[in-house]
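Undergrad: Let's see this in three dimensions:
(2 chains)
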Amino acid sequence: MDLPLIPKGVERCSLKTFAPWMFLWLLIMAWGLVSAFLCLYKGLNQTNMNHYFAFGLWIVFDLSVIALGAGAFFTGFLTHIIGKDELKAIINPAVVIGFICYSAAIATLGIDIGQPIRGWFIFWHANIHSMLTEVSFCITAYLGVLTIEYLPLILSNRKLNEVPEFNIFGNNLHHIVALFAAAGTFLSFFHQGSLGGMYGVLFARPFAFREGFLIWPWTFFLFILSSIAAGPSFTLLCVWITQKVTGKELVKRSVFNTLAKISGWLLASYIILKIIDTISWAYGVVPRAGLSFMDFYKGSYGIWLIIAEIGIFGIIPAIILITPKYRERNHLLIIGALMNITGIVLNRFVFTVQTLAIPVMPFDKFMGYLPTWQEWGIMMGAIGYGILLFSLSYRYLPLFPQEPEINPVKVFGHIITDSGVIRRS
Amino acid sequence: MKKEDTTKGNRYGMVIDLDKCTGCGVCLIACASENNIPVMYDESDKTRNITWLQIYMVTNGKEFPETEVIYIPRPCMQCDNPPCVPVCPATATDKDPTSGIISQIYTRCIGCRYCMAACPYHARVFNWFDPWFPEGMDRYLSPEVSPRMRGVVEKCSFCHHRLMRAKAKANVEGRRDLKEDEYIPACVEACPTKAITFGDLNNPKHKISELIKSPHAFRLLERLNTEPKVYYISTKNWVRRMADNYLSGEFKDRS
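TA: Numbers count the residues shown, from 1 in each chain, chains lettered A, B, ... in the order given. Okay, the predicted model is just below:
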C-alpha cells in the first residue's frame, strides 16, 4: 500500500508487519501522553520530586539523551569539516538520532518546568550568568540546525522528491550542509559544556562543585569530552539494533570500526581526565568544605557508583573500543559501545541525583529518590517517540546510502538500483 | 567576577540566639500567616510542604541524662554571595543592592528549580500543588503579599513588604534612614523569648552589629563562602560544631 513512498532500490517489510511494530510504540507513547497530561493538569505533585530532589529522572534523561545525541554534531563535524568521507554512510541516521534526542529532551523539559507557558522567559529575561540560559539558547538553536539538516533527508522521500520545488530546495540545502555542520559543532560544544557547567558552578554543593578555567568549571570540559565519546557509540548501537531488527546489513563493517575507534580513544582520554578530576576534587574541594571522600557515598548512593562509573563502565569499554582485535569482534564491539553509553548515563545520574541526595548541612539527612510511573511514563513516551520516528525515517527515507549496494533488490534476476535502473545481476 | 562591596547601603541580617530558642514554632506560624503561605492537604510531608522558615531539631547525640536538644530556625540566609541568584536562567531572583535581600519574582519564575539545587540550606521551596487555603482562612490573607501559584519557587523575603511599608512611612515623614525597630520581619516580632534580633549589619549603632562580634556567633556552612546574613549564637560548643562540616581536629573550641 505504501510502496510508492519506499525509497528505490531497497526492500522494506510489509505494512502488515510494520503496523504492529508501530502500534507497540504508539502504545508506549500513549503512556507518555497520559503522564504528560496528568503533570500539566494536576502539577508536578504527580512526580516523586520534592524540595530535596529538585531534579529527578527527567533531568537525568535529558542530560543523557543530549550527550548521546552528540553523535549527530560530531559525525557531522568529522564528515563535513574534517572530511572523513567514510562516515557519510552513517551521517543520515546520526542526524535523525540527534534530532530525536534533542526534540525529546526539549519536550521533556517542557513538562519538567513548573510553568511551561513561561518557558520563553529564559530568552526574554535571560540571565547571562546562568549556565542554564546558555544551555537553553544553544539547545534551541541547535534543534533548529538539526531540523535544517533533517529536512533534505525528508524531502528526498520518493514521493516528496517528485515535487520540483522540494527537489530544488532539498538539493540546495545539501550544498550548504557543511555550514550547518559547523554551526552545529559550535553550538553543541557550548551546550554540552554548559550542561556540565550547570553542576560545576554549584559552589555550595561540594559534590558537584569544581574549579576550572576562567568562568568554566572542569565539568564543562568533561561533559563535552564525554558526550563526543558516547555519541558515536550511541549512533553505532542504534544502527546495529536497526540491522538486527531488519535482519539486514545497512552499513559496512568498517564504518562501525571507525566509529568505535573514535569513540574508544575519546572515552580513554575522558576517563583519564575524569580520574585526574576526581582525585583533585577529593584532595581540593572536599577537604576545603570540611568533608571527607566517603561522606558523599552513603546508603543507596554508595561507593559502588564511582567504581561502576569510572571503572566498570569507563575503563573497560575504553580498552575494548581502542583495541583493534576486540572491537573487530561483533559481540565485544556492541558490549563496548553499550558499556560506554551506560557509563556516561551513570555520570549524568550521579551529577543530578547524587548531588541532591547528599546533605550539606551536618544536621540534615541523606535522601533517596524513586520516580513515579508518571515520571517513567514521560521518559518511556519520549523513547517511544524516538523509535517511532526512526522507524518511519528508515522505512520511507534513504537513511543508509550503502544499503542498496550491500542489499541489492533482485526482481527476476535483475538488480534494481537506488536510481531505479534495472541491470543484470 | 568582581567581588561586590558589601559595606555600602543597608545589609539587613538576623541573629538567632539558639540558647534562647525553645522551638515553640511561633516564628514559623507568624511567618506563614504574614506571608500567605498555603496549607497542604498533607502537612506531614515535610519534603513538599510550603514553609519559609524551617525549624530543625538537633541533639548532641548523647544518651540520657547527657542528652541536649536545640532547635535551629532556618529562614533564607539572604547570602551576600548567594548561590541561587546567578543560576536562575530567567532572572527571577536577584539581590537587592539597597537592602541585601534576595528577592523572588513569582510571576517570572519558570519553575526550573535550579535555584533549589544550588541552595545548600534548602531555604527555597517549590509549589508542587495549587495553593489552598481552608475555608475562612482566605479572609485572613494579607493584601501586601501576593499568594504564589503552582509551579513556582518561593522563599523567605525577610518580610520585604514590611520594609516597603517602613520606607514609605519614613518618606512621608521626610526621613531617609529607618530607625532600628522600624522594620522587623514577622518572625522576629512574634518570638516570645526574644531569641531573634534583626537589623542592619552595616549600621554599627544597631544591636545586631554588636551581637555578630560575639565569640559564640556563627553562621551555617560558612566554609562554602555563601556569606549568609543570618547569624546564630550559642555558648555550646557542640552546637557551633554542628553548624558546619569539619575534618577531625579542625574545629576550634571557643568556649
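
Undergrad: can we go C-alpha only for contacts and neighbour counts from here?
TA: Noted.

Undergrad: Most proximal residue of chain B with respect to chain A?
TA: B:Gly151 (3.7 Å; C-alpha to the nearest C-alpha).

Undergrad: Run a quick neighbour tally on that residue.
TA: 26 (other C-alpha atoms under 10 Å in any protein chain shown).

Undergrad: same thing with B:Lys8?
TA: Neighbours around B:Lys8, by other C-alpha under 10 Å: 12.

Undergrad: Please identify the helix or strand for it.
TA: Of the helices and strands defined by DSSP states H and E, none includes B:Lys8.

Undergrad: Could you verify my assumption that it touches B:Asn202?
TA: Yes. B:Lys8 lies in contact with B:Asn202 (C-alpha atoms under 8 Å); the separation is 7.3 Å.

Undergrad: export the helix or strand harbouring B:Leu163 as PDB, just CAs?
TA: Secondary structure assignment for B:Leu163, by DSSP H and E: helix B:160-172. These are the backbone C-alpha positions of helix B:160-172, laid out as PDB (Å, rounded to 0.1, in the frame of the first residue of the first chain):
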ATOM      1  CA  HIS B 160      10.100  42.600  52.400                       C
ATOM      2  CA  HIS B 161       6.700  44.300  52.300                       C
ATOM      3  CA  ARG B 162       7.300  45.500  55.900                       C
ATOM      4  CA  LEU B 163      10.500  47.200  54.600                       C
ATOM      5  CA  MET B 164       8.500  48.800  51.900                       C
ATOM      6  CA  ARG B 165       5.900  49.900  54.400                       C
ATOM      7  CA  ALA B 166       8.500  51.300  56.800                       C
ATOM      8  CA  LYS B 167      10.300  53.100  53.900                       C
ATOM      9  CA  ALA B 168       7.000  54.700  52.700                       C
ATOM     10  CA  LYS B 169       6.300  55.900  56.300                       C
ATOM     11  CA  ALA B 170       9.800  57.400  56.600                       C
ATOM     12  CA  ASN B 171       9.500  59.000  53.200                       C
ATOM     13  CA  VAL B 172       6.200  60.700  54.300                       C
END
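
Undergrad: Packing partners of the following helix or strand past it?
TA: Note on helix B:160-172: by DSSP H and E, the next helix or strand toward the C-terminus is helix B:186-190. Using 3 or more C-alpha pairs under 8 Å, 6 or more residues apart in numbering or on different chains; DSSP states H and E, the elements in contact with helix B:186-190 are helix B:26-34, strand B:196-200.

Undergrad: Is chain A within reach of stretch B:64-79?
TA: No. For stretch B:64-79, no contact with chain A is found by C-alpha under 8 Å from any C-alpha of the partner chain; the gap never falls below 9.8 Å.

Undergrad: Could you look over the helices and strands packed on helix B:186-190 and pick the most buried one?
TA: strand B:196-200 (a mean of 24; mean count of other C-alpha atoms under 10 Å in any protein chain shown).

Undergrad: thought A:Ile315 was touching A:Ile271?
TA: Yes. Under the criterion of C-alpha under 8 Å, A:Ile315 makes contact with A:Ile271 at 6.8 Å.

Undergrad: ok, the residue of chain A at minimum distance from chain B to B:Gly111 distance?
TA: The minimum distance from chain A to chain B, using C-alpha to the nearest C-alpha, falls at A:Gly114 (3.7 Å). For A:Gly114, the distance to B:Gly111 (C-alpha to C-alpha, to the nearest Å) stands at 4 Å.

Undergrad: any common contacting residues for the two?
TA: B:Gly151, B:Val152 (C-alpha atoms under 8 Å, 6 or more residues apart in numbering or on different chains).

Undergrad: Write out the residues of the stretch 251-400 of chain A neighbouring chain B.
TA: Residues of the stretch 251-400 of chain A lying near chain B (C-alpha under 8 Å from any C-alpha): A:Pro287, A:Arg288, A:Ala289, A:Gly290, A:Leu291, A:Ser292, A:Leu356, A:Pro359, A:Val360, A:Met361, A:Pro362, A:Phe363.

Undergrad: pLDDT score assigned to the first one?
TA: It stands for A:Pro287. Per-residue pLDDT puts A:Pro287 at 96.

Undergrad: check contacts around it.
TA: B:Leu247.
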